[in-house]
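Engineer: Provided below for reference: sequence and predicted model.
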2 protein chains.
Amino acid sequence: MYATVMHGPGDVRYEHVEDPEIVKPTDAIIKLSATCICGSDLWPYRGLQPQAAPVHMGHEYCGIVVEVGSEVRTIRPGQFVVGSFCLSDNTCPHCRFGFQSSCQQREFMTGAQAPYARVPLADGSLVATTEIPDTGMIPDMLAASDVLGTGWYGAVAANVREGSTVVVVGDGAVGLMGVMAAHQLGAERIIAMSRHEGRAKLAREFGATDIVAARGEDGIQRIMELTDGIGAESVIEAVGTQQSMQQAMGVCRPGGSIGYVGVPHGVSFDGQQLFLWQQRMLGGPAPVRRFLPDLMERVLQSRIQPGKVFDLILPIAEIAEGYRTMDERRAIKTMLQLAE
Amino acid sequence: MYATVMHGPGDVRYEHVEDPEIVKPTDAIIKLSATCICGSDLWPYRGLQPQAAPVHMGHEYCGIVVEVGSEVRTIRPGQFVVGSFCLSDNTCPHCRFGFQSSCQQREFMTGAQAPYARVPLADGSLVATTEIPDTGMIPDMLAASDVLGTGWYGAVAANVREGSTVVVVGDGAVGLMGVMAAHQLGAERIIAMSRHEGRAKLAREFGATDIVAARGEDGIQRIMELTDGIGAESVIEAVGTQQSMQQAMGVCRPGGSIGYVGVPHGVSFDGQQLFLWQQRMLGGPAPVRRFLPDLMERVLQSRIQPGKVFDLILPIAEIAEGYRTMDERRAIKTMLQLAE
């Protein structure tokens, strides 16, 4: 088949590769219904994350099971499934504690920017629907695989609850999903930081009550004004730079919580500052599997339409252009259509 | 009167100073029932925290109110009171959020290693008993002012609850109080890290179920063995060095919580490690005021005897020796008796 391979920074090719096969008896092979490009794919694309050899890209996926290994018990060919970018057995102590992204058998999904993909730990990682969903719901289901689940985890890690005041730092796809999650979890006030009209519009559609375009000290001051000088009790950090983290810390009230879901690159925290500011921090690769059944149910009930975050759809053969659109911020998130 | 003044590293004197007076109408003057030396007093004593001028030492206190300012409403002369080392109005948004140690009017108590002391923000900071407690309870009440309240906050910040597995890093007074707090909050297993027989004995008395004498990588490995390779869901860090923080992080399970209450000195966190390890962090100067009524009630009901942490009692005139005993780790915590 043809699939997406990154050969180096800026060099993404849709080229011939071996078909995926069952390698372990706990694997499944799925035929993807759609796939997409993640903000985290841009780190190696921009050369900011070293990569030694060509890599089969793609870790967001949903589709139809076509084959399962001999030890797979709960997943059957023909089912529509969504899985997390973190593969987990869902039975180990860390999984049972709700942190499937630290599963003792954890693997990271790869090779999903392709028509077919191998999913290890199929029983633990995949969640099946009872019926095949409408085609119109595919983007929503695909979003649940990573970007929605990650935004959701950010909101949960930031302790968002009924009536909360929430600040979302980052207007990328994960930040926007954080807005949606905060709204669904009952936040009363959701301040999204964005200076891009299109993204701010989507943030409002997803539940943002205020948009702050200012950044840095100005941005912090603006949010302090909006919160009567107190700051927010919940902050979702969805970028992963030192600057965005300082932004998050600058607007979080003492005793408030910061959920940070942007993979940190070159970020460090000063222990004494963290101590004196008394902010509760929780981050990490999202345990999407914990939230997946709930998120899929919300999609099926049309309570949320996270697929709106895909503002560009291209045929998968144009994946290289897809990377460029996201790299140049011409698209928030690009979905790839697969040929029938 | 005579009081305790630190003139520089290693130089603590009990010398003549001005009597404390009401400075603001919200002040109270108390006659101390007893006072003590804090582990944090050792940072400047050891020259590890620069100090420009002589400082009136002491921030842990309980005693009888002898005078109040014109705006003090709830505290009256003759009452027995305990206050927090963080002075707070207990009415501002941060106080109402339970973080009195970040009060908008916050001050830090000082001058309490003395027969009399001025307590700013008396209404907000002081908690009075209905009757004067027995003399035998004075050490317990004094402990509530800081060391017990700080250990308690560490346990709450570490999310200790019924059935928890808890590791306590640090066998100083705060660590030992963290053990007591974890026990009171219903922890099932409390692993105290200590290599000092006397401290380990006290830890067991306070509720520790296991003692780990090993440190560093060995200590981490030992605790991983004790927890079936999983780690603890709650870790109380009560030292404040990079090493102790690494110890805490090394034994905390993914999704677990670290409550760090040792004032960090030269500590920094790597953002990516913190992210990948998925540990919830909350620290800070303890909002003791939040816990004080409950802690004092537990003392009055003889449910806890935190005063046992004072393993040396000296007359206040020997305060310089008191500092030496703690600096040289000859005492866990030294209480100073005041002349009648």
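Structural biologist: Structure received. This structure is a prediction, so every number in the text was calculated from the model and none was measured.
Engineer: can you tell me the residue of the stretch 51-200 of chain A closest to chain B?
Structural biologist: The minimum distance from the stretch 51-200 of chain A to chain B, using CB to the nearest CB, falls at residue A:102 (3.4 Å). For every residue, glycine as well, the C-beta is placed using N, CA and C.
Engineer: name the element the closest residue to that residue other than its chain neighbours belongs to?
Structural biologist: Spatial nearest neighbour of residue A:102, excluding adjacent residues (CB to CB, 6 or more residues apart in numbering or on different chains): residue B:254 at 3.4 Å. Taking DSSP states H and E as the criterion, residue B:254 maps to strand B:252-260.
Engineer: wouldn't residue A:33 be in contact with residue A:65 here?
Structural biologist: No: with contact defined as CB atoms under 8 Å, residue A:33 does not reach residue A:65; the gap is 11.4 Å.
Engineer: Contacts only, for the residue minimising distance to the centre of chain A.
Structural biologist: Nearest residue to the geometric centre of chain A (CA atoms, centre = their mean): residue A:147, 2.2 Å. Contacts for residue A:147 were tallied using CB atoms under 8 Å, 6 or more residues apart in numbering or on different chains; they are A:38, A:60, A:173, A:174, A:177, A:306, A:309, A:333.
Engineer: go again using 10 Å as the cut-off
Structural biologist: A:36, A:38-40, A:60, A:85, A:172-178, A:238, A:261, A:286, A:288, A:306, A:309-310, A:332-333 (CB atoms under 10 Å, 6 or more residues apart in numbering or on different chains).
Engineer: Which ones among these lie within helices?
Structural biologist: Using DSSP state H, the members of the contacts of residue A:147 that fall in helices are A:173, A:174, A:175, A:176, A:177, A:178, A:288.
Engineer: which one of the residues you listed has the most neighbours?
Structural biologist: residue A:178 (38 neighbours; other CB atoms under 10 Å in any protein chain shown).
Engineer: So what's the residue count around the nearest residue to residue A:99 once chain neighbours are set aside?
Structural biologist: Spatially, and ignoring its direct neighbours in sequence, residue A:99 is nearest to residue B:255 (3.8 Å; CB to CB, 6+ apart). By other CB under 10 Å, 23 other residues sit near residue B:255.
Engineer: What of residue A:185?
Structural biologist: Residues near residue A:185, counting by other CB under 10 Å, number 19.
Engineer: for residue A:132, same thing?
Structural biologist: Residue A:132: 12 neighbours (other CB under 10 Å).
Engineer: quick revisit: pop out the phi and psi values for the residue of the stretch 51-200 of chain A closest to chain B.
Structural biologist: Residue A:102 adopts backbone torsions of phi -120, psi 20, taken as degrees, to the nearest 10.
Engineer: Same check on the one 10 residues further on?
Structural biologist: Here the main-chain torsion angles of residue A:112 (degrees, to the nearest 10) amount to phi -90, psi -10.
Engineer: how would you label the residue nearest to it when sequence neighbours are not counted: helix, strand or coil?
Structural biologist: Closest residue to residue A:112 apart from its sequence neighbours, by CB to CB, 6+ apart: residue A:58 at 3.4 Å. The three-state label given to residue A:58 by DSSP: H, G, I helix; E, B strand; the rest coil is coil.
Engineer: ok, and of the contacts of residue A:147, which contact chain B?
Structural biologist: A:261, A:286 (CB under 10 Å from any CB of the partner chain).
Engineer: before we move on, back to that, could you pull up the residues touching the residue nearest to residue A:102?
Structural biologist: With CB under 10 Å, 6+ apart, residue B:254 has these contacts: A:93-94, A:97-104, A:106, A:284-285, A:287, B:230-231, B:233, B:276-279.
Engineer: Report the buried members of the residues you listed.
Structural biologist: Buried members of the contacts of residue B:254, counted by 16 or more other CB atoms under 10 Å in any protein chain shown: A:93-94, A:97, A:99-103, A:106, A:284-285, A:287, B:230-231, B:233, B:276-279.
Engineer: So which of those belong to helices?
Structural biologist: Using DSSP H, the members of those that fall in helices are A:93, A:94, B:276, B:277.
Engineer: still on that earlier bit, quick one, what contacts the residue of the stretch 51-200 of chain A closest to chain B?
Structural biologist: Residues near residue A:102 by CB under 10 Å, 6+ apart: A:86, A:88, A:92-95, A:284-285, A:287, B:253-255, B:276-278.
Engineer: at 6 Å what do you get?
Structural biologist: Contacts for residue A:102 (CB atoms under 6 Å, 6 or more residues apart in numbering or on different chains) come out as A:94, B:254, B:278.
Engineer: got JSON lines for those, with pLDDT and distance to residue B:152 too?
Structural biologist: Converted to JSON lines, these look like this (pLDDT from 0 to 100; distance: CB to CB, whole Å):
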{"residue": "A:94", "pLDDT": "98", "distance to residue B:152": "28"}
{"residue": "B:254", "pLDDT": "98", "distance to residue B:152": "25"}
{"residue": "B:278", "pLDDT": "96", "distance to residue B:152": "25"}
